[in-house]
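Engineer: predicted structure and sequence below. I'll ask about it afterward.
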Amino acid sequence: MRSIWNGAISFGLVSIPIKLVNATENHSISFRQIHAADGGRIRYRKVCELDGEEVSASEIGKAYEDADGSMIPITDEDLGSLPLPTAKTIEIVAFVPADSIDPLQMDAAYYLSANGVPAAKPYTLLREALKRSQKVALAKYALRGRERLGMLRVVDDVIAMHGLLWPDEIRAPEGVAPESDVSVRDAELDLADALMDTLGEVDMDSLHDDYREAVEELIAAKASGETLEPPETGGSGGGKVIDLLAALESSVRAAKEARGEGGGEGSGADEEKASVTSLADRKPSGSSTRRTPTGKSVSRTSSSGGGSRKSASSPKSSGAKKSTASTGKPAAKKTASGSRSGAKKTASKASASKSTTSKKTAAKKQSGTKRASHKRASA
């Protein structure tokens, strides 16, 4: 990794040459500004407002703007002549417990690397001293033209430094908390604790930027000429909370379902599925009503002794009725189909006998005509 600053750690009379390396990197996707009409790039040019001429980087200096708008030029030589003891030194000023540092002060993070072989021994000494004391070191250092506050701590086998904001750079939270007095019930606190326990812990390595991945997919689809379908999004869940207790109960149930756990007793899941039945509509325990194929209603009621009373006939008669009812319709169908087929056969035989009789009659007539004609001819 490329170092961004070279200097030394001042640990009392011990000086540790080190190199400063960025511990973080930015993965956000950057965009360019274009002319929407033709896609041309929009570029910024540094122009002097007095003569309107474009100015190169070598011609640009720095100045402080006074209250009346006048500019007071400040050169690098002016800043370099200032008595800044931390110009090339990370000066440790104290060792304090880690929990005494307000996380609001946390800024950029860096790794401190030993610069050269002679620096390995004092570097290791400071690292092991920080480990054993379970404290962090407060230090001052200068970077990019200003003095800063830092915190040194051990990460694995490396000394890391977090840039800190100065205490007077932290704003007091005035007017941020709710102005009205709000009371919280013990039941709500218990549900909040249950929700915290259900959500549990998370592997930090499993967290990633979903939005950045979606933007990368969108860019890839646009580059290949495809159209990316927008995903279906559910409810935002940012609506107005009507019942805090119900919302906490729902959150606990949802968290348990997401982790593959059951709803548990008292979760309220059974209460949502419960239905109310009127006593007038409720039937006696063990009673049932059915309708027979003949159209009669038969009700059965189980007695307390386990027996049953039937409002219909005996089991044999009911069995006979069942067999009759169950076999009656198929038998009727067979009889009807048999009679229809018999009628068809009778009709076909009758038509066949008629045609035979007519043929015989015609033949007799023809033979009688021939004999009459033969007699006349002989006479």
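Structural biologist: Okay, I see it. Numbering: from 1, shown residues only.
Engineer: tell me the buried residues in stretch 181-194?
Structural biologist: Across stretch 181-194, burial judged by 16 or more other C-beta atoms under 10 Å covers Leu191, Ala194. From N, CA and C alone the C-beta is placed, and that goes for glycine too.
Engineer: alpha carbons of it, in CSV - could you do that?
Structural biologist: In CSV, the C-alpha atoms belonging to stretch 181-194 read as follows (Å, rounded to 0.1, in the frame of the first residue of the first chain):
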residue,chain,number,x,y,z
ASP,A,181,-42.3,14.0,28.5
VAL,A,182,-42.8,10.5,27.3
SER,A,183,-43.3,7.5,29.6
VAL,A,184,-42.4,3.9,28.5
ARG,A,185,-44.1,0.9,30.1
ASP,A,186,-42.3,-2.1,31.4
ALA,A,187,-44.2,-4.3,28.9
GLU,A,188,-42.8,-2.2,26.0
LEU,A,189,-39.3,-2.4,27.4
ASP,A,190,-39.6,-6.2,27.7
LEU,A,191,-40.7,-6.5,24.1
ALA,A,192,-37.9,-4.2,23.0
ASP,A,193,-35.4,-6.4,24.9
ALA,A,194,-37.0,-9.5,23.2
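Engineer: what average pLDDT does it get?
Structural biologist: Averaged over stretch 181-194, pLDDT sits at 88.
Engineer: how about stretch 69-87?
Structural biologist: Stretch 69-87 comes out at a mean pLDDT of 83.
Engineer: and the end-to-end length of it?
Structural biologist: End-to-end distance for stretch 69-87: 31 Å, by C-alpha to C-alpha, to the nearest Å.
Engineer: for stretch 28-46, same thing?
Structural biologist: 26 Å.
Engineer: name the residues of it that are buried.
Structural biologist: So for stretch 28-46, nothing qualifies as buried (16+ other C-beta under 10 Å).
Engineer: who's in contact with it?
Structural biologist: Glu54, Val55, Ala57, Ile60, Arg212, Val215, Glu216, Ile219 (C-beta atoms under 8 Å, 6 or more residues apart in numbering).
Engineer: hmm, try it at 7 Å
Structural biologist: Stretch 28-46 is contacted from outside by Glu54, Val55, Ile60, Arg212, Val215, Glu216, using C-beta atoms under 7 Å, 6 or more residues apart in numbering.
Engineer: repeat for stretch 112-120
Structural biologist: Taking C-beta under 7 Å, 6+ apart as the rule, stretch 112-120 contacts Asn6, Ile16, Pro17, Ile18, Lys19, Leu20, Val21, Tyr123, Ile159, Ala160, Met161.
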